[in-house]
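Novice: Please find the sequence and the predicted model below.
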Amino acid sequence: MLTAKNLTKKYGNHTALNHLDLHIESGEIFALLGQNGAGKTTTINLFLGFIEPSEGTVSINNISVSDNALETKQYLAYIPETVMLYPNLTGIENLEFFSSLAGFSYSKKELSTFLSKAGLQETAHQQNLGGYSKGMRQKVGIAIAIAKNAKALLLDEPTSGLDPKASNEFSEILKELSANGTAILMATHDIFRAKEVAHRIGIMKQGNLVSMIESKDISANELEQLYLQTV
């Protein structure tokens with residue numbers, strides 16, 4: 001579902017991403033670990049088509065992002081570290097607006113069902129986003145992905161700033177999406193969450209993918225030690 005081949009991004013003499021090869025299947029959760037500046041967000045921005053590669057190709061569902069930017073976005077949902085929604089609109093109104101931008105039209109009952117599937121308590125559906133916690137806003141982002149029937153979900157530091165309960169709830173939602181066939185690429189600093197949720201984990205350093213690990217083959221402590229070697 002998500003493929004990068006020889007993917008490289010340079011800014012002048014600085015190489016932000018260096019010949020990345022990556023293949024993420026439908027239903028797979030792949031976590032990218034690395035310090036700030038390691039190339040995680042650059043990778044996500046290339047999949048989103050926000051920036052153009054200097055070399056190599058990036059594709060979604062075997063469709064080139066560079067050649068078919070609008071078509072590839074139909075398969076995607078993106079949740080950044082800070083979810084940008086309208087604070088003066090309710091959860092349902094935000095979901096209705098963003099799903100309509102993707103060409104979908106749902107009843108209020110259907111929209112409420114999507115929010116509930118994303119883990120948002122029903123009492124919050126009609127409340128303005130201005131009163132939502134970060135975890136609640138992320139659940140609206142997940143609901144948008146569900147409403148769009150997104151085949152791939154891109155996450156940039158999704159658990160940053162979440163308390164342990166909200167972080168655990170978010171992980172459970174990702175597992176459900178994965179079980180339903182969604183491919184998930186998650187850039188994170190959260191070693192524990194990566195180990196708990198991801199099927200595979202990549203560790204990046206200075207634009208290079210330096211390690212690729214099957215999550216089941218490594219303990220959280222071993223993963224931490226491996227990650228610290230890149231610091």
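Specialist: Structure received. Residues are numbered from 1 along each chain as shown.

Novice: residue closest to the middle of this structure?
Specialist: The C-alpha lying nearest the average C-alpha coordinate of the chain belongs to residue 155 (Cα atoms, centre = their mean; 1.9 Å).

Novice: Now name the helix or strand holding that one.
Specialist: Under the criterion DSSP states H and E, the helix or strand holding residue 155 is strand 152-156.

Novice: and the helix or strand that that strand is followed by, how far from the chain's centre?
Specialist: Sequence-wise, the next helix or strand beyond strand 152-156 is helix 164-179, with elements assigned using DSSP H and E. Taking the mean C-alpha point of helix 164-179 and that of its whole chain, the gap between them comes to 12 Å (Cα atoms, centre = their mean, to the nearest Å).

Novice: Name all residues that make contact with the residue nearest to residue 27 when sequence neighbours are not counted.
Specialist: In space, residue 27 comes closest to residue 181 once its chain neighbours are excluded; the distance is 4.8 Å by Cβ to Cβ, 6 or more residues apart in numbering. (Glycine included, C-beta is placed from N, CA and C.) When the contact criterion is Cβ atoms under 8 Å, 6 or more residues apart in numbering, the partners of residue 181 are 26, 27, 151.

Novice: ok, the nearest residue to the last one once chain neighbours are set aside to residue 48 distance?
Specialist: I take that to be residue 151. For residue 151, ignoring the flanking residues on the chain, the nearest one in space by Cβ to Cβ, 6+ apart is residue 75 at 4.4 Å. To residue 48, residue 75 is 11 Å away according to Cβ to Cβ, to the nearest Å.

Novice: And residue 132, by the same measure?
Specialist: Residue 132 sits 24 Å away from residue 48, taking Cβ to Cβ as the criterion.

Novice: Then residue 86?
Specialist: Going from residue 86 to residue 48 by Cβ to Cβ gives 21 Å.

Novice: Have a look at these two and say which one is more surrounded.
Specialist: Set side by side, residue 86 and residue 48 give different neighbour counts by other Cβ atoms under 10 Å, the larger being at residue 48 (19 against 13).

Novice: Look up phi and psi at that one.
Specialist: Main-chain dihedrals, residue 48, degrees, to the nearest 10: phi -80, psi -20.

Novice: Also the one 10 residues further on?
Specialist: Residue 58 adopts backbone torsions of phi -130, psi 130, taken as degrees, to the nearest 10.

Novice: hey, what's it bridged with?
Specialist: Using DSSP bridges, the bridge partners assigned to residue 58 are residue 4.

Novice: swap in residue 184?
Specialist: Under the criterion DSSP bridges, residue 184 forms beta bridges with residue 29, residue 153.

Novice: before we move on, what about residue 202?
Specialist: Beta-bridge pairing of residue 202, defined through DSSP bridges, involves residue 32, residue 212.

Novice: what residues are up against it?
Specialist: Under the criterion of Cβ under 8 Å, 6+ apart, the contact partners of residue 202 comprise 22, 30, 31, 32, 33, 209, 211, 212, 213.

Novice: what sits against the spatially closest residue to residue 2 that is not a sequence neighbour?
Specialist: Nearest residue to residue 2, sequence neighbours excluded (Cβ to Cβ, 6+ apart): residue 24, at 4.1 Å. Residues near residue 24 by Cβ under 8 Å, 6+ apart: 1, 2, 3, 30, 152, 183, 184, 185.
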